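could you work out the structure for the sequence below:
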Amino acid sequence: MTPRSRFPRAALLSASLLAGLLTVPFLGAAAQADDNAPARPAGSAYSDPSLIAPDLIDPALGVTAGDPTGDPTGDPTEQAKQALATVQQIIDPTVQTVTADGTSADLSVALANLATKQDDLPKNLQDDAARLLARPNKNDPPGGIECDAAGNDKNGLPCYGAATEAPSVCDSGICVHYVASGPNAAGGSYAATVLDVMKSVASRYVAAGYRKPLPDRTVGKSSGGVGNGDNVFDVYLADLGKRGLYGYCTTDTPVAGHGTAPAYCVLDNNYTEQVFNAHTPVENLEVTAAHEFFHAVQFAYDVGEEAWLMEGTATWAEDELYTNINDNRQFLSSGPLGRPAQSLTAPAGVYGSWIFFRYLSERFPTQYGGMPVIIKELWDRAAGNPGARTALNRLLAVRGTELRKQFGWFSTWDRRPAAYYSEGSAYRAAPLWRKFRLTNTRRSASARTDINSLASRTVRFTSGATRGRLRVSIDLYSRASGGFATVTIKEKGKLPVARAIALNAAGDKRPTFAFGRKVAWIEITLANSGTRKRAAKISAQVVR
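Predicted coordinates:
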C-alpha cells in the first residue's frame, strides 16, 4: 500500500525489485494444532477445508497481562522539541527523509506525536506546533494558520490563504472542503467523488464495529454547504503531490499522552501528478482514504499508540477495503517479510509490519461486518495506555494462545508465503539467515547470532549426504523470554512440512531428523517474541 502520509515509495522501486515481489516460493504443508503449523487461510488457492483451524474465540475466557513496553523516558521538553523537529524535517523539501529503500518518517504519526507533546514545548515553539496542526482554512478555527502567497503556511503544509473556500460538499456526517482557485484548487465534481469514497470507507469501519472519529464541535463550519454543521468529519483537498505526500490525518486539539482526540484529514486535490503513477487517480484516492481515515479512527482509541501498530494496521486496512489495488506489497521488503532479523517494531519497517496483522487476520479469520474481528479487538485492548505488546498478549490469551507461539508461526509462514497467505503467491519469501550443505565428508556446521526482539532467523541444512540422520543442537533463550523454534522438512518429491520444536524451559533442544538421500533440506526457524535482543546458537551434524 502506498505511504499515505509520507513520501511515495513506488517511484523508488526498481524493475528487478518489483519482479522479486512476485516470486513464488515452494509450497508448504500445514496442520491444525496450535503447537503445529497453523492451517492455511480459507480462500487460499492451497486451502483444505478439513485443515481450517476452529474458531478459538471464547468471551468467557479471562485475559492475562503481558509485558508492558512503556514509553521512552527522558526530559519532556526535549522530547517535545524532537517531535516538532521530526515534523519539520518531513515536510522540508531540502531535507532527505526518504532512504534508499523508501522508508521514512510518517507525517500522520509524527503530527499525532506532536499533538501529545505540544504543551511541553517552550512558549516560543508552541505557536510553531499549533500552525503545523492547524487546518488549511485559516477560519477553522479563526486565526488557526498563517499562509504565504504560494498556499503554504510558513512551515510548509498547505493552506488556502486568500482563496475563498467553496461551499463544502457534505453528506452522512462528512464534509469535503476545497477551494476553486489558487495553488490548491480542486473541482466540485472531484470533491463529490472524494465524499463518496470517504462515505464508503467510513461505513465499512462502522459496520465492522470500530469507533467513529470523535466529534470536533463547530470547527469546519465556516465554508457553509448543505449538510455542514456541528461535529461533522472534515476532509480538506490540497496540492499534496508537489510535497511528495498522498495525504495525512491529524488533530488540532491538544491531547495528553495516550488520550483520544477528534481528527481531520487532508487529501490530494487530484492524484494526477507523476509521483502518483503507480495506480489510477481513483485507486490512489481509495487506498489513501482507507489508510488515513483509519488513523482518524485510531485517534478515537489512543492518539499516542506505538507507531508500528498505528501504521501497520492502517496499511493492513487499506487492503481489507480495496483488495485488488495491492499497493501495500511495495512495503513487504522493508518489514519482517523482507527483513526477518529486523524487529517488527523497528521504525524503518512500520509500513511493512502490516503483514503481521495479515497473519493474525488469516490465522484467526472470524469476521464481523465484513472485516476480520481480531484487529478491531486489538484496538479495543490498545485503548488508553496498556502498550501494544500487552494488548496483543491479552488478545491472544482470549484465543487460548500466546504471542510467543503466534510470532514463531508468523515467522515460519513468512518463509513460505504462497503456502499460507491467501495472496501469498505474490509475496517474496523471507530470506534465509545461513545455508549449509552437509555431506558424507562435511558432516557438521554451526552458527551463532543475536536475535532482536520480535525478529527471527532461519538456517537451512541442505542434504548432500547419501545416508544418515541430522542431529540438531539448539541453544536458544528460555520460553519465558520468548523463545520459539520450528523445523521445516522438505523430502524429495514432497511438499515441505513444518512443525514446532518442543524446547525445554531453558530454550534448548537436541532433536534428530531423517536426512540422507531422501531429504532435500531441513530448515530451523528461531523466533524471539521477547522484549529484548537474545543470543542464539545452532549446530547440526550428520550421524548414523
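
can you tell me the closest non-neighbouring residue to the most centrally placed residue in the chain?
Using C-alpha atoms, centre = their mean, the residue of the chain that lies closest to the mean C-alpha position is residue 312, 1.3 Å off. Nearest residue to residue 312 in three dimensions, chain neighbours excluded: residue 353, at 3.7 Å (C-beta to C-beta, 6 or more residues apart in numbering). All C-beta atoms are positioned from the backbone trio N, CA, C, and that covers glycine.

tell me who's in contact with the one you found.
308, 311, 312, 315, 335, 336, 344, 345 (C-beta atoms under 8 Å, 6 or more residues apart in numbering).

switch the cut-off to 6 Å
Residues near residue 353 by C-beta atoms under 6 Å, 6 or more residues apart in numbering: 308, 312, 335, 344.

residue 135 too?
residue 264.

would you map the helices across this structure?
Here the chain has its helices, by DSSP state H, at 15-21, 76-91, 107-117, 123-133, 188-207, 281-299, 307-321, 354-363, 373-382, 388-398, 403-415, 417-420.

those: which one's closest to residue 474?
helix 403-415 (12.8 Å; C-beta to C-beta).

do you know the pLDDT at the residue nearest to residue 312?
With respect to pLDDT, residue 353 has a value of 98.

what's the answer for residue 274, then?
In this model, residue 274 carries a pLDDT of 87.

hang on, the earlier thing: reformat the helices of the chain as TSV; add distance to residue 504.
Shown next, in TSV, are the helices of the chain (distance: least, C-beta to C-beta, whole Å):
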stretch	distance to residue 504
helix 15-21	39
helix 76-91	42
helix 107-117	41
helix 123-133	53
helix 188-207	45
helix 281-299	40
helix 307-321	31
helix 354-363	26
helix 373-382	31
helix 388-398	22
helix 403-415	14
helix 417-420	28
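
ok, and the closest non-adjacent residue to residue 221?
Closest to residue 221 by C-beta to C-beta, 6+ apart is residue 228, at 5.7 Å.

what's around the one you found, how many residues?
Residue crowding around residue 228 was assessed by other C-beta atoms under 10 Å; the count is 18.

residues in contact with it?
Counting by C-beta under 6 Å, 6+ apart, residue 228 has contacts 168, 170, 175, 221.

how does the chain divide up, domain by domain?
With domains defined by automatic domain parsing, the chain comprises 10-28+40-50+73-426, 434-543.

end to end, how far does the shortest one reach?
Between the opening and closing residues of domain 434-543 there is a gap of 21 Å (C-alpha to C-alpha, to the nearest Å).

tell me how far that domain lies from the chain's centre.
Offset of domain 434-543 from its chain centre (C-alpha atoms, centre = their mean, to the nearest Å): 29 Å.

and if you look at the longest one?
Average the C-alpha atoms of domain 10-28+40-50+73-426, do the same for its chain, and the two points are 10 Å apart (C-alpha atoms, centre = their mean).

let's have the chain start at 370 instead
With 370 as the first residue, the last one maps to domain 379-397+409-419+442-795.

okay, now residue 692: neighbour count?
11.

still on that earlier bit, the residue nearest to the centre of the chain touches residue 720, doesn't it?
No: the criterion here is C-beta atoms under 6 Å, and residue 681 misses it with residue 720 at 7.4 Å.

who touches both of those two?
Counting by C-beta under 6 Å, 6+ apart, nothing touches both residue 681 and residue 720.

hang on, the earlier thing: how close does the residue nearest to residue 681 sit to residue 711?
Separation of residue 722 from residue 711 (C-beta to C-beta, to the nearest Å) stands at 10 Å.

ok, residue 650 next?
34 Å.

show me which of the two is the more surrounded one.
residue 711 (19 against 15).

residues contacting that one?
residue 718.

confidence score at it?
pLDDT, residue 711: 98.

next, count neighbours for the closest residue to residue 872 other than its chain neighbours.
The shortest distance from residue 872 to any non-neighbouring residue, by C-beta to C-beta, 6+ apart, is to residue 878 (5.1 Å). By the criterion of other C-beta under 10 Å, residue 878 has 18 neighbours.

quick one: residue 878 and residue 869 touch, right?
No: at 10.4 Å, residue 878 does not count as touching residue 869 under the criterion of C-beta under 6 Å.
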